[in-house]
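Asker: Structure for the following, please:
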Amino acid sequence: MGATSPFSTLFGRKKPLFANTDAFPLTDAILEFDDSSDETAIHHHPSRREMDAAGQPRDLATARRWWIASGLIALYFVAMLVFHAMGLVQTRTVFVALALVAVFVPVFAMVFALGLHHRFKEKQLKLPIAAVAYGGLLLICYLDPIMQILMAPFAFVVVAYSMYRVSGRALIALAALLLLGYAVVIAVHYAEQSNDALLRLELAHWLSLAFALPAVILLIGKVQKLHRVLHRASRKIRNIQQDAQRDTLVGCFNRRYTVAALEEQKQLADESGIPLCLAVIDLDHFKRINDELGHLGGDEVLRTFSRVAQDNVRAGDIFGRYGGEEFLLIFPGTSLLPALNTCERIRSHVESHPWTDVLKSRVSVSIGVTQYILGESVLEFFSRADTAMYMAKEGGRNQVVVEEPVSKGDSSIAPLGTEKDFLGTPAP
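Answerer: Sure, this is the predicted structure:
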């Protein structure tokens, strides 16, 4: 469909449905810093199990964090090697620094690999990593006083690395320990060398760090406060967006979202050539269920069916209510056989579900499923799946019928109505 698609006109949307909001483009990036939201998001959105809050694969996000930490370590080593090349740093000091990295990097990697970091409130362990980094800086400064030139800038780098995870009080305590350890290093140097010139130079470095580091932490505290404000706002916006996409009665995607998602997946299939399937699901004899249980009981049957269906779809599938007792299930990037298997699994679980004893008749579903033909309209695609669903009903209900895709324009595929009929009035 082109730019004048009725779907786009109806929803007032020319951009993809799933694009980030323009008003708050940092929403997802901000949420990446929230540990507490991860499990909740995964619980309510199974399709995000392998994704982080920024929409990237979780393994990729973890690798990125490791690359950042490794890059900072490498930057320090480059500076050290430059000093070594100038004859200012001993070879022994370089090897000690390498030994520190060889010990602590695998330790932290093992902690993350074993999942031990989940036992801590701050799951990224930024405070322990910062403490180890400061300890390493102090040891290197003790071995080679010239390395104090790098103390202040890399102390700020460590603070910046920890700023989104470590509280202001913890940063102040960490800075105090750094200054105390630095003072001990200076005292040991003077006790060993009795060098007044070195003492004055080291004291000057210490004082500059003592004045600048608290100021940096104070500014970071303001950044953290702004981050928390944006974080709360972004969470509210995300919740509003999710509420607008849900059918409040049955707890799945609503008609507007599902139809828009179908159009977007159709466009994606046209552009990329990846397969796309659609299933139309209808509860059998729902009027009789309503007559037996009343409308409130019928609503509960719809809610229960929605839960059963969503428990049996795959991550990435889009399940939504089309209207009344009819639902749509979109299979992005899926060929016909896997889609059919999912539909049969839903049908079987609905049939075997322990429904209320008050219900005299059994609950079952009729499902029609088909695969998208490149270049056809959304209406043609939907009509073919809808036809298959009606064939399932006419064939005795409680079954899945496949409408095999044929070449576009075949006269055997007759639309069941107009696009206006397809869109209709959104379900409550």
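
Asker: pLDDT weak spots in the stretch 101-250 of the chain?
Answerer: 237-244 (pLDDT under 70).

Asker: Please, where are all the helices along it?
Answerer: With DSSP state H, counting those that start in this stretch as the criterion, the stretch 101-250 of the chain has helices at 126-143, 151-162, 168-193, 196-245.

Asker: buried set for the second one?
Answerer: Right, helix 151-162. Neighbour counts over helix 151-162 (16 or more other C-beta atoms under 10 Å) mark 151-152, 154-156, 158-159, 161-162 as buried. (Each C-beta comes from the backbone N, C-alpha and C, glycine too.)

Asker: Reformat the helices of the stretch 101-250 of the chain as CSV; add distance to Ala385.
Answerer: Below are the helices of the stretch 101-250 of the chain laid out as CSV (distance: least, C-beta to C-beta, whole Å):
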stretch, distance to Ala385
helix 126-143, 50
helix 151-162, 52
helix 168-193, 56
helix 196-245, 22
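
Asker: Around the spatially closest residue to Ala170 that is not a sequence neighbour, count how many other residues there are.
Answerer: Nearest residue to Ala170, sequence neighbours excluded (C-beta to C-beta, 6 or more residues apart in numbering): Leu127, at 5.7 Å. Counted with other C-beta atoms under 10 Å, residues neighbouring Leu127 total 18.

Asker: What separation do you get for Leu127 and Ala187?
Answerer: Distance from Leu127 to Ala187, counting by C-beta to C-beta, to the nearest Å: 26 Å.

Asker: right, and the residue nearest to Ala170 touches Arg165 too?
Answerer: Yes: counting by C-beta atoms under 8 Å, Arg165 is a contact partner of Leu127 at 7.4 Å.

Asker: The residue nearest to Ala170: what's it in contact with?
Answerer: By C-beta atoms under 8 Å, 6 or more residues apart in numbering, the residues touching Leu127 are 162, 165-166, 170, 174.

Asker: Ok, Phe286 next?
Answerer: 298, 301, 324-325.

Asker: Ok, Gly135 next?
Answerer: Gly181.

Asker: same thing but at 10 Å, please
Answerer: Residues near Gly135 by C-beta atoms under 10 Å, 6 or more residues apart in numbering: 100, 104, 177-178, 181.

Asker: Can you select the buried ones among these for me in ChimeraX?
Answerer: In ChimeraX syntax, the buried subset of these is picked out as below (16+ other C-beta under 10 Å):
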select :100,104,178,181
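
Asker: Residues contacting stretch 335-344, please?
Answerer: Contact with stretch 335-344 is made by 274-281, 309, 312-314, 317, 329-331, 334, 365, 367-372, 399-405, as judged by C-beta under 10 Å, 6+ apart.

Asker: Restricting to C-alpha, output it in PDB.
Answerer: The C-alpha trace of stretch 335-344 is given here as PDB (Å, rounded to 0.1, in the frame of the first residue of the first chain):
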ATOM      1  CA  SER A 335       6.300 -19.900   6.800                       C
ATOM      2  CA  LEU A 336       3.000 -21.800   6.700                       C
ATOM      3  CA  LEU A 337       4.000 -25.000   8.500                       C
ATOM      4  CA  PRO A 338       5.300 -23.400  11.700                       C
ATOM      5  CA  ALA A 339       2.200 -21.100  11.700                       C
ATOM      6  CA  LEU A 340       0.000 -24.200  11.300                       C
ATOM      7  CA  ASN A 341       1.700 -26.000  14.200                       C
ATOM      8  CA  THR A 342       1.200 -23.000  16.500                       C
ATOM      9  CA  CYS A 343      -2.500 -22.700  15.500                       C
ATOM     10  CA  GLU A 344      -3.000 -26.500  16.200                       C
END
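
Asker: gap between that stretch and the chain center?
Answerer: 26 Å (C-alpha atoms, centre = their mean, to the nearest Å).

Asker: Report the buried residues of that stretch.
Answerer: In terms of neighbour count (16+ other C-beta under 10 Å), stretch 335-344 has its buried residues at 336, 339-340, 342-343.
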